[in-house]
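Novice: prediction below, plus the sequence it came from.
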Amino acid sequence: MKEYIGVQMSTRRKPTDPAASAEPARPRKGPRSSTRVKGHSSIADAAPIDAPHGSRPDQVYARLRELIVGGLLAPGNRIVETEIASRLGVSRTPVREALQRLLQEGYVIDTLGAQQSRLTVAPLTRDDVRELLTVVGALEGIAAQHAASQRPDVRATLAKDLRDANAEFHRAGRASPIDHEALHDADERFHRRIVESGAGPRLLALYHAVKPQAERYIRMYISMLGDIRTSVAEHEIIIAAIAEGRRDDAELAVETNWRHAADRLSRVIELAGERGAW
């Protein structure tokens with residue numbers, strides 16, 4: 001998954017090494033504007049938030065999730081309902097509904113203040129990254145097993161697409177300087193292709209709900225890029241298992257790839273310190 005894990009966020013969209021990722025999955029890509037490890041004191045300090053007048057809760061939700069995933073609302077930041085409503089030009093009702101959804105999905109947590117509860121952006125922790133990437137790996141592993149069960153001609157087409165994505169991932173990782181955006185896009189395309197090929201509507205819905213939460217970690221810990229050859233090799237094992245119709249091997253290979261990603265990111269978090277948990 002993702003091998004380029006670092007301690008500071010870059011100003012570009014970051015890559016996701018196949019053993020340390022999280023790829024998007026549709027609201028997968030955060031904003032391209034600059035991100036900082038030190039969080040804003042509140043949403044008022046974040047980048048401008050634009051939304052059409054009369055935005056519904058799902059539009060407010062999508063924009064806030066984009067800011068959180070991209071790091072523009074950093075871990076530990078306080079979320080103030082009135083500030084969000086003011087910046088978006090909407091009433092507090094859709095904001096409240098959007099925040100409730102973000103709370104249920106784990107992007108936001110409710111902490112008890114001096115007199116009342118207060119919402120903050122969820123922290124980035126070792127336990128959280130392991131749980132998230134384990135779930136992502138399990139879901140994608142099921143999709144890989146289903147993909148490996150398809151007709152030989154379908155598997156052959158899928159294998160070709162995966163090889164192309166992996167080759168691009170490898171090229172981006174060998175570039176000097178490393179093309180982080182291309183690396184991220186190629187890795188994301190690789191994993192998304194597996195899911196879209198083998199997942200049904202329910203599995204897709206679960207995957208798209210969890211994957212963006214994992215991407216928060218990838219975007220934060222990728223400024224330090226290591227050798228991606230291990231990740232490229234893990235991708236090749238996945239491709240071979242799918243192409244040859246080895247269902248169980250395909251599932252195991254995908255889960256292993258994500259487990260290695262969790263291990264790498266956990267080590268980085270241990271060295272850099274957890275964010276937003278102080």
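Specialist: Great, that's in hand.
Novice: for Ala74, phi and psi?
Specialist: Backbone geometry at Ala74, expressed as degrees, to the nearest 10, gives phi -80, psi 160.
Novice: swap in Ala175?
Specialist: The phi/psi pair for Ala175 (degrees, to the nearest 10) is phi -60, psi 150.
Novice: is the residue nearest to it when sequence neighbours are not counted within a helix or a strand, and which one?
Specialist: Leaving aside its chain neighbours, Ala175 sits nearest to Ala182 (7.6 Å; criterion: CB to CB, 6 or more residues apart in numbering). C-betas here are computed from N, CA, C, even on glycine. Using DSSP states H and E, Ala182 falls within helix 180-198.
Novice: okay, that helix in PDB with CA atoms only?
Specialist: Only the C-alpha atoms of helix 180-198 are listed here, as PDB (Å, rounded to 0.1, in the frame of the first residue of the first chain):
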ATOM      1  CA  HIS A 180       3.900  12.500  -5.100                       C
ATOM      2  CA  GLU A 181       0.700  13.400  -6.900                       C
ATOM      3  CA  ALA A 182       1.300  10.800  -9.600                       C
ATOM      4  CA  LEU A 183       2.200   8.200  -7.000                       C
ATOM      5  CA  HIS A 184      -0.900   8.800  -5.100                       C
ATOM      6  CA  ASP A 185      -3.100   8.700  -8.200                       C
ATOM      7  CA  ALA A 186      -1.600   5.500  -9.500                       C
ATOM      8  CA  ASP A 187      -1.900   3.700  -6.100                       C
ATOM      9  CA  GLU A 188      -5.500   4.900  -5.700                       C
ATOM     10  CA  ARG A 189      -6.400   3.700  -9.200                       C
ATOM     11  CA  PHE A 190      -4.900   0.300  -8.500                       C
ATOM     12  CA  HIS A 191      -6.900  -0.300  -5.400                       C
ATOM     13  CA  ARG A 192     -10.100   1.300  -6.600                       C
ATOM     14  CA  ARG A 193     -10.000  -0.900  -9.700                       C
ATOM     15  CA  ILE A 194     -10.000  -4.000  -7.600                       C
ATOM     16  CA  VAL A 195     -12.900  -2.800  -5.500                       C
ATOM     17  CA  GLU A 196     -15.000  -1.600  -8.400                       C
ATOM     18  CA  SER A 197     -14.400  -4.900 -10.200                       C
ATOM     19  CA  GLY A 198     -15.300  -7.200  -7.400                       C
END
